[in-house]
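> Here is my input; please provide its structure:
(one chain, ligands or ions: 3)
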Amino acid sequence: MGEKNEGSDNLTDGFHLVIDALKLNGIRTVYNVPGIPITDLGRFMQQEGMRVLSFRHEQNAGYAAAIAGFLTQAPGVCLTVSAPGFLNGLTALAHATTNCFPMILISGSSEREIVDLQQGDYEEMDQMAIAKPLCKSAYRVLNAEDIGIGIARAIRASVSGRPGGVYLDFPAKLFGQIMKVDEGEKSLIKVIDPAPCQIPAPNSIERAVGVLRGAKRPLIILGKGAAYAQADELVRVLIEKSGIPYLPMSMAKGILPDTHPQSASAARSLVLKESDVVMLVGARLNWLLSHGKGKAWGENPKKFIHIDIEPREMDSNVEIIGPIVGDIGSCLKSLIDNMNQSWKAPPEIWTRAVKEKVENNIALMAPRLKNNNVPMDYHGALGVLRLIVKENPELVLVNEGANTLDFARSIIDMYKPRKRLDVGTWGVMGVGMGTAIAAAVETGCQVLAVEGDSAFGFSGMEIETICRYNLPICVVVFNNGGIYRGTDQNRAGEEVATTVFVKDARYDKMMEAFGGKGFNAKSPDELSQAVNEALESRQPTLINAVIDPGAGTESGRIGNLNPQSIVKKKQ
Ligand code: ADP
Ligand code: TPW
Ligand code: MG
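Ligands and ions are numbered 1, 2, ... in the order given. So this is what the prediction gives:
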């Protein structure tokens with residue numbers, strides 16, 4: 001390692017220029033899987049004081065980097081080997097881009113001369129061409145003196161404007177290239193103001209406030225862009241000054257506590273249907289909001305105001321009558337200033353109707369959350385996790401699955417911003433362990449990962465990673481024996497149905513295999529005890545929560561999106 005440079009104090013190489021460039025820009029954590037040509041890069045990074053977390057699969061390292069970007073507003077970095085490692089990381093890069101999370105996938109690659117003539121190099125692949133459609137920008141660095149520029153461009157591209165994934169291609173030969181130390185130093189760039197404020201046009205603010213003032217039944221929808229922007233105090237002031245009911249999207253839960261008197265979460269159907277003016281703050285009108293039209297939005301005509309940093313998002317699905325383009329902090333500041341001029345709260349008939357619906361629905365749900373059924377149903381199990389999160393508001397909640405996701409999202413109240421991390425815009429199964437690991441590493445907080453048994457399976461091997469780094473993560477596997485339910489039967493033959501797993505599986509034993517703590521919880525009481533023990537010990541823990549295999553529904557709450565066949569299923 002590093003032998004060729006010994007005795008040449010005034011020389012540096014590609015490995016060290018990459019490290020110096022990252023450090024110069026404040027990047028100190030990397031998520032990776034080692035191998036040719038980046039094994040030594042990881043080792044040198046560690047030597048130079050960076051934190052390098054090695055995973056068991058690049059996709060999980062990539063999901064870790066993606067969520068690190070969301071949590072910190074700086075690009076999360078994933079480092080992979082060429083071709084297969086690169087491809088494994090690519091799903092996460094696409095996920096980051098789709099969710100507007102800043103991330104850089106750095107991949108080693110084969111030599112251009114051989115790749116371009118397709119002569120069959122070790123792990124040959126034209127990686128940059130493949131990455132391009134899945135990220136905001138892709139760059140390749142061929143010469144050591146361009147490493148500084150390459151990394152600067154990648155950082156700026158990932159965080160400026162709408163954040164997203166960036167691909168950085170480093171062919172193997174680059175790492176061994178040599179430069180004089182002082183010239184190397186001069187070639188590095190510290191990116192100044194990588195994500196500058198984007199101030200909204202004053203007339204866009206006036207126009208939007210005019211529309212809001214005329215509203216009889218206004219609604220504000222907060223999306224994960226608002227959580228990312230870290231403008232928490234401004235969001236609070238906007239909501240409370242305006243008096244308008246608000247709906248947080250999944251990862252925007254907790255910007256304000258879900259128990260806030262203006263939260264309309266428990267009256268979602270009502271506010272979508274009945275509202276007349278809807279202001280979107282860092283939330284897209286995509287499938288998660290039924291594209292802003294159709295049954296979910298009811299018969300009442302709507303006027304939309306939309307705050308987003310990406311101008312092309314405006315009118316993407318329906319007409320936006322009040323477009324506000326800018327960063328959320330600047331936009332909210334201007335809006336609040338403008339509203340200060342004689343703002344009138346929305347009609348009480350509206351806010352009271354919303355509040356009554358919220359209170360009714362919460363009261364209806366309450367008894368179900370206290371049930372102590374064995375086997376557990378989703379409500380019984382989530383009822384106890386809900387209390388635990390209430391008592392431990394600093395906990396980061398990671399959540400994936402179908403029923404496990406949909407029920408947890410509506411049942412577990414969040415109290416602090418950026419504490420709920422989940423499957424994002426695509427509904428990706430497999431983000432769980434990578435997300436949990438990055439959450440623990442980046443925030444220093446304890447993590448509770450609430451996982452469907454199928455969802456957990458996509459990244460389950462990373463519990464070894466959790467044990468290896470001794471991270472304070474408690475994984476709860478909602479084990480209903482399958483995807484959606486554990487009761488499906490193949491009516492045509494011997495082979496098991498497509499959606500079921502081994503019955504009575506014991507996921508807790510996997511954790512024990514790596515030295516972590518395992519629990520098998522059959523009742524809400526046992527589940528509560530096990531989680532509390534895990535939180536007290538801060539030890540890596542996996543709780544196998546035995547859920548009634550018949551309790552779930554097909555595709556959780558989005559069964560309506562399944563295409564239908566005209567041919568009947570066999571009974
Ligand atoms: P959700 O899934 O929670 O509804 P989306 O991912 O659909 O949220 O939307 C997030 C939006 O936030 C994206 O359109 C993105 O461009 C926007 N965004 C991200 N960061 C900022 C920011 N700092 N200022 C303004 N808009 C932002
Ligand atoms: C990468 C399709 C959506 S939800 C799900 C799958 C496979 C698993 C649901 O079962 P789980 O939860 O986790 O046990 P529960 O409580 O309902 O039983 N591949 C990817 N992403 C998605 N979304 C799928 C497949 C899917
Ligand atoms: Mg399941």
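
> could you pull out the helices for the stretch 351-500 of the chain?
Secondary structure of the stretch 351-500 of the chain (DSSP state H, counting those that start in this stretch): helices located at 378-391, 403-411, 432-443, 453-457, 463-468.

> The residue of the chain found nearest ligand 1: neighbouring residues, count only.
Closest residue of the chain to ligand 1, Cβ to the nearest ligand atom: Gly225 (1.9 Å). Just so you know, the C-beta spots here come from the backbone N, C-alpha and C atoms, and that holds for glycine as well. For Gly225, the count of nearby residues is 26 (other Cβ atoms under 10 Å).

> Can you give me the buried ones in stretch 179-188?
Met179, Gly184, Ser187, Leu188 (16 or more other Cβ atoms under 10 Å).

> picking that back up, would you list the phi and psi of the residue of the chain closest to ligand 1?
When read as degrees, to the nearest 10, the backbone of Gly225 gives phi -60, psi -40.

> do stretch 230-250 and ligand 1 meet?
Yes: contact of stretch 230-250 with ligand 1 (Cβ under 6 Å from any ligand atom) involves Met249.

> average model confidence for that stretch?
Stretch 230-250 shows a mean pLDDT of 98.

> Straight-line length of it, end to end?
16 Å (Cα to Cα, to the nearest Å).

> Touching, Ser263 and Lys253? I think so.
No: Ser263 lies out of contact with Lys253 (Cβ atoms under 8 Å); the separation is 9.1 Å.

> which of the helices of the stretch 351-500 of the chain sits most buried?
Highest mean neighbour count of the helices of the stretch 351-500 of the chain: helix 432-443, a mean of 27 (counted as mean count of other Cβ atoms under 10 Å).

> ok, and the closest non-adjacent residue to the residue of the chain closest to ligand 1?
Distances taken as Cβ to Cβ, 6 or more residues apart in numbering place Gly282 nearest to Gly225, at 2.4 Å, with adjacent residues excluded.

> neighbours around Asp508, how many?
22.

> And the residue of the chain found nearest ligand 2, how close does it get to Gly164?
Of all residues in the chain, Gly452 sits closest to ligand 2, at 2.0 Å by Cβ to the nearest ligand atom. Per Cβ to Cβ, to the nearest Å, Gly452 is found 28 Å from Gly164.

> now do Ala195
12 Å.

> which one of these two has more residues nearby?
Neighbours of Ala195 and Gly164, each counted by other Cβ under 10 Å, are more numerous for Gly164; the result is 27 against 19.

> What does the more buried one show for phi and psi?
phi -180, psi -170.

> so it sits right up against Ile104, yeah?
No: between Gly164 and Ile104 there is no contact under Cβ under 8 Å: 10.4 Å.

> which residues are in contact with both of the two?
Residues touching both Gly164 and Ile104 (Cβ atoms under 8 Å, 6 or more residues apart in numbering): Ser158.

> what residues does the helix or strand hosting Ala138 touch?
According to DSSP states H and E, Ala138 maps onto strand 137-140. With Cβ under 8 Å, 6+ apart as the test, strand 137-140 has contacts from 109, 128, 131-132, 150, 153-154, 157, 166-171.

> Adjacent strands (with direction) for it?
If you go by DSSP bridges, strand 137-140 pairs up with strand 165-171 (parallel).

> Give me the contact status of the strand it pairs with with ligand 1.
No: using Cβ under 6 Å from any ligand atom, strand 165-171 never reaches ligand 1; the gap is at least 13.5 Å.

> Write out the residues of the stretch 51-200 of the chain neighbouring ligand 1.
When proximity is defined as Cβ under 6 Å from any ligand atom, the stretch 51-200 of the chain approaches ligand 1 at Asn99, Cys100, Arg162, Pro163.

> Spit out the contact partners of the third one.
If a contact means Cβ under 8 Å, 6+ apart, then Arg162 has Cys100, Lys136, Asp308, Ile309, Glu310, Glu313 as its contacts.

> Wait, a helix at it?
No: in this structure, Arg162 is coil, not part of a helix, as judged by DSSP: H, G, I helix; E, B strand; the rest coil.

> how much space between it and Asp327?
10 Å.

> Could you do the first one as well?
Distance, Asn99 to Asp327, by Cβ to Cβ: 17 Å.

> Tell me which of these two has more neighbours.
Neighbour comparison, Asn99 and Asp327: the larger count goes to Asn99, with 25 against 22 (by other Cβ under 10 Å).

> That one contacts Val423, doesn't it?
No: in this structure Asn99 lies outside contact range of Val423 using Cβ under 8 Å: 9.7 Å.

> ok so, going back, the residue of the chain closest to ligand 1 against Ile328, yeah?
Yes: if you go by Cβ under 8 Å, Gly225 and Ile328 touch, sitting 6.5 Å apart.

> Nice, that's everything, thank you.
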